[in-house]
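Visitor: Take a look and give me a structure for this.
(one chain, ligands or ions: 1)
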Amino acid sequence: MGEEKRKLFSAVQPSGAVTIGNYIGAIKNFVALQDEFDCIYAVADLHAITVRQEPAALRKNTLELMALFIACGIDPEKCILFVQSHVPAHCELTWVLNTLTYPGELSRMTQFKDKSAKHADNVNMGLMDYPVLMVSDILLYQAAVVPVGADQKQHLELTRDLAIRFNNRYSETFTVPEAYIPKGSGAKIMSLADPSRKMSKSDENPNGYVTMSDDRDTVIRKFKRAVTDSGNEVRAAEDKPGVSNLIAIYGAFTGKSAAEIEREFEGKGYGDFKLAVGETVADALAPVQAEKARLLKDKAYLNGVMKRGEEAAARIARKTLSKVYRKVGFYQGE
Ligand code: TYM
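Guide: Below you'll find the predicted structure:
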């Protein structure tokens, strides 16, 4: 009693459909960690506009993601749930941290290089500065732990570097956070169409990903079509990336280990296994989809959650920001 829990922060971009990769790599842990930590979760709309978004779609996706968070089991009574653009401190801290960041640190980020190649017609400063905004998200809340998928590891390393750099220059200010990345293959769910690539909502081939709102038939069809490997043995191995990925997905939704799954499908072929994975995922998604649909009908409730979240988040963020402003020497009327 009375012992303060450590803080945890994470966010997801409202930039289209949320995939089961986002769920397994991140949102599932958001739910699992909510009792152990003081959790703060954001819909990262400021991040989303670094690639072109249709304004009406961005607004809709923001509300949908908020509903999905709650439908997946994040309890708004326990956690702070808010929309990033509602708390101005994120942009304000980004400016200060920009003055401690070198262009080379940002231009060599894998995600920046990938996204610049993909959106060659829109390589904007926001795309490059994206990691510093992410650093600000985390440091504003003095988060000790940040649950993310493996693709965010480099951004978490920058977060630690900048926290330490600021602390060394201006005295102890920020908590230096740790990434919380799922163990094993859950950290990086691969495309069903090409298991050498990450499952991504921005993939042009919709058969590569399963979204949290795909209906039962679509889910089963996508898994039936999933690219598997030569042979017909259900076994996790480096030379079997397709089957290993399906084992990771099945494991994430059933809680079974790879060894248990291999035993379960001993003597059965890929066909049986793929059908089982499809049915299991569809069964797991159905109640989440129903709850999300119910929540979306109650906009007043969702707006209320966001408003309370905004106020609670802003209170913590303002405290950190005012400390930062004092440390860097901004006159505050003393
Ligand atoms: P985003 O919206 O791309 O993805 C949300 C989360 O899902 C994880 N993820 C995956 N995990 C496993 N397998 C996959 N195929 C897969 N694809 C995505 C991501 O690692 C992420 O954890 N920049 C972040 C959002 C963000 C953020 C933050 C995260 C903004 N501010 C502060 C943590 C802390 C992003 O684009 O996530």
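Visitor: dump the residue contacts of the residue nearest to residue 20 when sequence neighbours are not counted.
Guide: Distances taken as Cβ to Cβ, 6 or more residues apart in numbering place residue 210 nearest to residue 20, at 4.8 Å, with adjacent residues excluded. All C-beta spots, glycine's among them, are computed from the backbone N, C-alpha and C. Applying Cβ atoms under 8 Å, 6 or more residues apart in numbering, we find residue 210 in contact with 19-20, 192, 199, 218-219, 222-223, 281.
Visitor: Now residue 40: which helix or strand?
Guide: Here residue 40 sits within strand 38-43, counting by DSSP states H and E.
Visitor: partners of that strand in the sheet?
Guide: Sheet partners assigned to strand 38-43 using DSSP bridges are listed as strand 7-12 (parallel), strand 80-83 (parallel).
Visitor: can you put those strands in a markdown table and add mean pLDDT and distance to the ligand?
Guide: Below are these laid out as a markdown table (pLDDT from 0 to 100; distance: least, Cβ to the nearest ligand atom, whole Å):
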| stretch | mean pLDDT | distance to the ligand |
| --- | --- | --- |
| strand 7-12 | 98 | 4 |
| strand 80-83 | 98 | 12 |
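Visitor: restrict the contacts of residue 210 to those near the ligand?
Guide: Near the ligand, judged by Cβ under 6 Å from any ligand atom, the entries from the contacts of residue 210 are residue 199.
Visitor: now for the contacts of residue 210, which pair is the farthest apart?
Guide: Pairwise distances across the contacts of residue 210 (Cβ to Cβ) peak at 15.0 Å, for the pair 199 and 218.
Visitor: Pick out whichever of the two has more residues nearby.
Guide: Taking neighbours as other Cβ atoms under 10 Å, residue 199 and residue 218 compare with residue 199 leading, 25 against 16.
Visitor: ok, and the nearest residue to that one once chain neighbours are set aside, which helix or strand is that part of?
Guide: Closest residue to residue 199 apart from its sequence neighbours, by Cβ to Cβ, 6+ apart: residue 21 at 3.8 Å. Using DSSP H and E, residue 21 sits within helix 20-22.
Visitor: elements contacting the helix or strand just after that helix?
Guide: Counting by DSSP H and E, the next helix or strand C-terminal to helix 20-22 is helix 28-32. Contacts defined by 3 or more Cβ pairs under 8 Å, 6 or more residues apart in numbering; DSSP states H and E place helix 28-32 against helix 55-72.
Visitor: For the helix it packs on, buried residues please.
Guide: By 16 or more other Cβ atoms under 10 Å, the buried positions in helix 55-72 come out as 58, 61-72.
Visitor: Then stretch 191-200?
Guide: Neighbour-count burial for stretch 191-200, counted by 16+ other Cβ under 10 Å, picks out 191-195, 198-200.
Visitor: Stretch 222-229 too?
Guide: Neighbour-count burial for stretch 222-229 [16+ other Cβ under 10 Å]: 222-223, 226-229.
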